[in-house]
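>>> Quick one, what's the 3D model for this:
(one chain, ligands or ions: 2)
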Amino acid sequence: MSRVAVRVVGRRLTGAVPRRGLSAAAAAQHGVKVAVLGAAGGIGQPLSLLLKMNARVSRLALYDIARAHGVAVDLGHINSHASVSAHQGANQLSEALDGSHLVVVPAGVPRKPGMTREDLFTMNAHIVAELAEACAITCPQALLCIISNLVNSMVPIASEIFKKHGVYDPKRIFGVTTLDVVRASVFLADLKGLDRSAVEVPVVGGHAGKTIIPLLSQSLPKVDLGQDQIEMLTSRLQEAGTEVVKAKVGEGSATLSMAHAGARFVSSLLEASDGHKGLVECAFVRSEETEAAYLSTPLLLGKRGVERSMGLGPLSSYEEKLLLAAVPELKAAIRDGEEFARNFK
Ligand SMILES: NC(=O)C1=CN([C@@H]2O[C@H](COP(=O)(O)OP(=O)(O)OC[C@H]3O[C@@H](n4cnc5c(N)ncnc54)[C@H](O)[C@@H]3O)[C@@H](O)[C@H]2O)C=CC1
Ligand SMILES: O=C([O-])CC(=O)C(=O)O
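Ligands and ions are numbered 1, 2, ... in the order given. I've put the predicted structure just below:
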């Protein structure tokens, strides 16, 4: 893999170590099963392709309410290690989840031009709640990675459903915000003429509008930026999803870059599960950093999910202001999610 992992020293992310692959024999021995829920969608298909190419995955279960079969047969013709199975329709959900070590959820409705991520709440809340319930029943120990929007509400929904079933472990439920981190690398590197793959910017907060907060003061490598550049980069990142929605003129939102970001996040979790130390990724999880009960921060990943939060680190006064503005919005999205889950079924 070409991406570099970040090492952790205290609360900061420094240096770079090359990623290691895994032999097919080792993968088979580890027997890692990954389930993709919403596998036939715009994100689901390329994400499943990237996971099929991941040597740590030995079984890939593709679940969708439609078209899962065709996608699985197609991917099954690739001569990489993972076996691929298709599961279509609600009555095949539990067999897709059975024995899964990791479940990734890109199921749900994407935005059309003019919509906000908040507009997706009602449609996607039902989908995520039903899928989370099936996970809580069938594979409560699995790492659960939620891509579906509104991430800021979907993670609280899944968490409440797990609590209802008495199987909640906050270290295992993630809202995938890696696309914000990937975009921040691109936008900063392009502005400064740097190598895109060698720039990392922690992005904290949540995954919608002003809750997306790039910590440009903590970029690696450290980059000097004027306040106007910081504000331009921040606002571009906060609007990046909308930039894609507009460019796709009614054909949905980011899919290919999201598949890349999702595959990177899953890959880091699997590497950490396998004992690889020092892996840090940002994700939206249960948090005690602020008044918002869930927050995206850099997380040190371990064998069972989150080993510990790396916290927010030293914030510039501008970043502090952004966080202050984000917390009420996050709290409202979290409350909506929790309320929905309380009344679910
Ligand atoms: N976290 C992030 O950074 C990002 C999140 N997203 C979100 O990801 C979600 C999916 O986006 P796309 O793949 O573009 O949408 P899509 O419409 O292309 O695919 C969604 C898939 O989910 C399936 N589906 C619907 N209900 C289901 C259910 N109950 N169980 C299983 N599968 C079900 C559909 O059949 C479809 O195949 C959207 O909510 C979108 O907003 C998109 C980009 C980035
Ligand atoms: O903006 C959207 O609707 C999809 C998304 O979350 C992103 O691209 O970051």
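>>> Do you know the pLDDT at the residue nearest to Ala259 when sequence neighbours are not counted?
Computed as C-beta to C-beta, 6 or more residues apart in numbering, the closest residue to Ala259 that is not its neighbour in sequence is Pro46, at 3.6 Å. Just so you know, the C-beta spots here come from the backbone N, C-alpha and C atoms, and that holds for glycine as well. Taken from the predicted model, the pLDDT recorded for Pro46 is 99.
>>> Tell me which helix or strand comes right after the helix or strand containing Pro46.
Secondary structure from DSSP states H and E places Pro46 in helix 44-52. Secondary structure here is assigned by DSSP H and E; on that basis, the next helix or strand after helix 44-52 toward the C-terminus is strand 59-64.
>>> mind checking the SS state of the residue in the chain positioned nearest to ligand 1?
When scored by C-beta to the nearest ligand atom, the chain has Gly41 as its residue closest to ligand 1, at 2.0 Å. Taking DSSP: H, G, I helix; E, B strand; the rest coil as the rule, one finds Gly41 in the coil state.
>>> what's the nearest residue to it once chain neighbours are set aside in contact with, if anything?
The spatially closest residue to Gly41, leaving aside those adjacent along the chain, is Pro106, at 5.9 Å (C-beta to C-beta, 6+ apart). Pro106 is in contact with 36-39, 41, 43-44, 47, 147-148, 258, 262, counting by C-beta atoms under 8 Å, 6 or more residues apart in numbering.
>>> Next, name the residue at the spatial heart of the protein.
Relative to the mean C-alpha position of the chain, the nearest C-alpha, by C-alpha atoms, centre = their mean, is the one of Val176, at 1.5 Å.
>>> wouldn't that one be in contact with Ile147 here?
Yes. At 4.8 Å, Val176 and Ile147 qualify as touching, with contact defined as C-beta atoms under 8 Å.
>>> Between those two, which contacts overlap?
Counting by C-beta under 8 Å, 6+ apart, the contacts common to Val176 and Ile147 are 104, 262.
>>> rewinding a little: hang on, isn't the residue nearest to Ala259 packed against Thr255?
Yes. Under the criterion of C-beta under 8 Å, Pro46 lies in contact with Thr255, with a separation of 6.6 Å.
>>> thinking again about what came up before, near the residue nearest to Ala259, how many other residues are there?
Residue crowding around Pro46 was assessed by other C-beta atoms under 10 Å; the count is 19.
>>> Same question for Leu102.
Taking other C-beta under 10 Å as the neighbour definition, Leu102 ends up with a count of 24.
>>> so what's it up against?
Counted by C-beta under 8 Å, 6+ apart, Leu102 has contacts 32-35, 142-145, 266, 269-270, 273.
>>> restrict these to those near ligand 1?
Here nothing survives when those are matched to ligand 1 using C-beta under 6 Å from any ligand atom.
>>> from the residues you listed, which is closest to Thr234?
Distances from Thr234 to the contacts of Leu102, taken as C-beta to C-beta, are shortest for Cys145 (25.6 Å).
>>> which SS class is the nearest residue to that closest one once chain neighbours are set aside?
Nearest in space to Cys145, with sequence neighbours left out and distances taken as C-beta to C-beta, 6+ apart, is Val104 at 4.4 Å. Here Val104 is strand, with the state taken from three-state DSSP.
>>> mind listing the helices for this structure?
Remark: helices of the chain, listed N- to C-terminal, are 24-30, 44-52, 68-76, 93-97, 121-138, 151-164, 178-192, 227-238, 240-247, 256-273, 317-342; assignment by DSSP state H.
>>> of those, which approaches Lys112 most closely?
helix 240-247 (7.2 Å).
>>> Please identify which residue in this protein comes closest to ligand 2.
Sorted by distance to ligand 2 under C-beta to the nearest ligand atom, the residues of the chain start with Gly241, at 2.2 Å.
>>> Flag the shaky bits of the stretch 1-150 of the chain, pLDDT-wise.
Using pLDDT under 70 as the threshold, the predicted model of the stretch 1-150 of the chain has low-confidence ranges 1-30.
>>> hmm, back to that, and the residue nearest to Ala259, how close does it get to Asp74?
Between Pro46 and Asp74 the distance is 12 Å, computed by C-beta to C-beta, to the nearest Å.
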